[in-house]
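> For reference, the sequence and a predicted model appear below.
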Amino acid sequence: MEISRRHVLGLAAGSAVTGTGVLGYRHWRRDEDLLQFGEEVSEDVRTRCRRVERRLPEIVRVSISEPVSVQFVEFESEAESGGESEGETGNGTGTENEVEDETDEDGTLTHPADRIDRALEHVRHVTNLDFPPLLAQPAGSFNRSSRVLSLVDPETVDRSGLPDGISIDEDEIVGEPLIAHELTHAIQGERFDGYEPADGSTAAAQARRSVTEGTADYVAGRYRATCLDGAFDPCVHRAPFDPEWIPLAALANGHQQYVNGRLFVHAVVEHRGWEAVWDLHRSLPATTVEIAFPEQFLAESHSLESATLESEFESGPTHSASSDWLELETDRLGAFELYTKLFALGLVSPTDDEAAAEPLAAERTSYEWGYRSDLLRGFRGDRITVYGYVDELDRLGACWRTAWQDVADAEAIAGAVERGYDDHGNPDDGGWYLDGAFHTLEQADTTVTFGMGPTPAAVRDGIGVGRTER
């Protein structure tokens, strides 16, 4: 998926494998196709799937060896991808499954997880985001358990609500790069029973998905690039979307795991080969800063430096909250979520010069940019704690501490966020009101702390986060 929901906008990602194999790769004889189609699947899409299956080993060096059932599903703007489905389009945007907050009649949140999610939305400035209908359902998904590849029926897709200048032809909704993406998930399902993140944090989970979805999206990009240079002909695909169009909703729901993931996998393939990619599935990175900047992962010291620094906040309290504020959750959010915060504040963009992919990566993946900023190169770890007020748990607060390689890195990020708060918030009492919450910022040596709560007193006296003048 291009974010947990393989959004129909990512339409152009995908590739598939035909079971004949090519010289030098594993191949087999069989009496029937490994791809089995539902009656509703059009002949055009069947032809594309078979074509992708034949070509896929040229990219991933292995072929599908177990049957895959291909079916059409109707487009439902409010649908959610469920179960063990995975795989998104490699070209557009996607989201994690959207679930409505559970509230009482008076609007009070009733589920603890909803309170935590609400607090994290405020910290990242991604509250009240709307999705065009076309973003509400993935264009494709693969279920590991049943080995069913589901593709949205192009004739049922609602293409309304797209921004000016964005168009999707019905014939391109199920493109060959998308099929390649999903069939890569089929290969992953044959090779691995599951993927164990480095720990239970958000950052580790996103690093895991950056490997699994990034691998599928890298294959989709390679497939599209090979179509563009004429080696795969015929080929049905569409060009990637302009990064200037990318909405905040995409970042808020995981698009970085696909975009940065594909560039990360490209770097691993180029420097260490495909076996190293499969090894990554068995021993996943712990941090997302390594995904955004693959050179940090490829450096010999990465496993010691990154893992140690990212966990430096895991032992002992990071600040002192009053007894009226109860701890609801502690987590590691990682570099991707901090980038989302910077994006929401207008401080970074995939059109920035530093976000450009290296020329070989752009050529081979057909993507010319990533979600990264020099502001994050010195990121070395974080810890966020979410609080609820003892007599009213819907009164939420948070303390998000981040660690940096040196003081200059910390000063740079603190200065940038301060400018963003000044531009988008309302300064008051040494902090800023923004998106219905009060925010503070403090920097001490190599640590930068973001505070959030309903009022200045709640943040400073209750949660224990203030603002240090620099």
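Sure thing, it's come through. Residues are numbered from 1 along each chain as shown.
> rest of the way, CA atoms for contacts and neighbours
Fine.
> What are the boundaries of the helices in the stretch 151-300 of the chain?
Per DSSP state H, counting those that start in this stretch, the stretch 151-300 of the chain carries helices over the ranges 176-191, 202-228, 248-252, 255-272, 274-282, 289-292, 294-298.
> can you tell me the average pLDDT over the second one?
Read it as helix 202-228. On average, the pLDDT along helix 202-228 is 95.
> same check, this time on the fourth one
Within the predicted structure, the mean pLDDT of helix 255-272 is 95.
> That one to helix 202-228, inter-axis angle?
With axes from the mean of the first three to the mean of the last three CA atoms, to 10 degrees applied, the angle from helix 255-272 to helix 202-228 works out at 70 degrees.
> what's the angle between helix 255-272 and helix 274-282?
140 degrees.
> Domain ranges for this structure, per the record?
Annotated domains of the chain cover 8-95+131-288, 325-463 [automatic domain parsing].
> Next, format these as JSON lines and append distance to Gln296.
Shown next, in JSON lines, are the domains of the chain (distance: least, CA to CA, whole Å):
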{"stretch": "domain 8-95+131-288", "distance to Gln296": "10"}
{"stretch": "domain 325-463", "distance to Gln296": "9"}
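> between those, which one is nearest to Ala299?
Nearest of those to Ala299, taken as CA to CA: domain 8-95+131-288 at 11.1 Å.
> For the protein, just list every one of the strands.
Using DSSP state E, the strands of the chain run over 35-37, 68-73, 85-86, 140-143, 148-152, 325-331, 379-389, 392-404, 426-428, 431-434, 437-444, 447-453.
> now for the first one, which elements pack on it?
Contact partners of strand 35-37 among helices and strands, from 3 or more CA pairs under 8 Å, 6 or more residues apart in numbering; DSSP states H and E: helix 43-55, strand 68-73.
> Report the mean per-residue pLDDT for that strand.
On average, strand 35-37 scores 96.
> which of the residues in that strand are buried?
With burial defined by 16 or more other CA atoms under 10 Å, the residues of strand 35-37 counted as buried are 35, 37.
> Quickly run through the sheet partners of that strand, with directions.
Here strand 35-37 is paired, per DSSP bridges, with strand 68-73 (parallel).
> For the partner strand, list the C-alpha coordinates in PDB.
Coordinates of the C-alpha atoms in strand 68-73 are reproduced here as PDB (Å, rounded to 0.1, in the frame of the first residue of the first chain):
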ATOM      1  CA  VAL A  68      -2.400 -16.300  -6.300                       C
ATOM      2  CA  SER A  69      -6.100 -15.600  -6.700                       C
ATOM      3  CA  VAL A  70      -6.800 -12.300  -8.400                       C
ATOM      4  CA  GLN A  71     -10.200 -10.700  -7.900                       C
ATOM      5  CA  PHE A  72     -12.000  -7.400  -8.600                       C
ATOM      6  CA  VAL A  73     -13.500  -5.400  -5.700                       C
END
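> Would you pull up how far it lies from the middle of the chain?
Relative to its chain's centre, strand 68-73 lies at 25 Å (CA atoms, centre = their mean, to the nearest Å).
> Make CSV out of the helices of the stretch 151-300 of the chain and add distance to Pro57.
Shown next, in CSV, are the helices of the stretch 151-300 of the chain (distance: least, CA to CA, whole Å):
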stretch, distance to Pro57
helix 176-191, 10
helix 202-228, 10
helix 248-252, 31
helix 255-272, 15
helix 274-282, 12
helix 289-292, 25
helix 294-298, 25
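> could I get those helices as a markdown table with distance to Arg460 and mean neighbour count?
Shown next, in a markdown table, are those (distance: least, CA to CA, whole Å; neighbours: other CA atoms under 10 Å):
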| stretch | distance to Arg460 | mean neighbour count |
| --- | --- | --- |
| helix 176-191 | 47 | 29 |
| helix 202-228 | 26 | 28 |
| helix 248-252 | 27 | 22 |
| helix 255-272 | 33 | 25 |
| helix 274-282 | 43 | 16 |
| helix 289-292 | 30 | 27 |
| helix 294-298 | 36 | 18 |
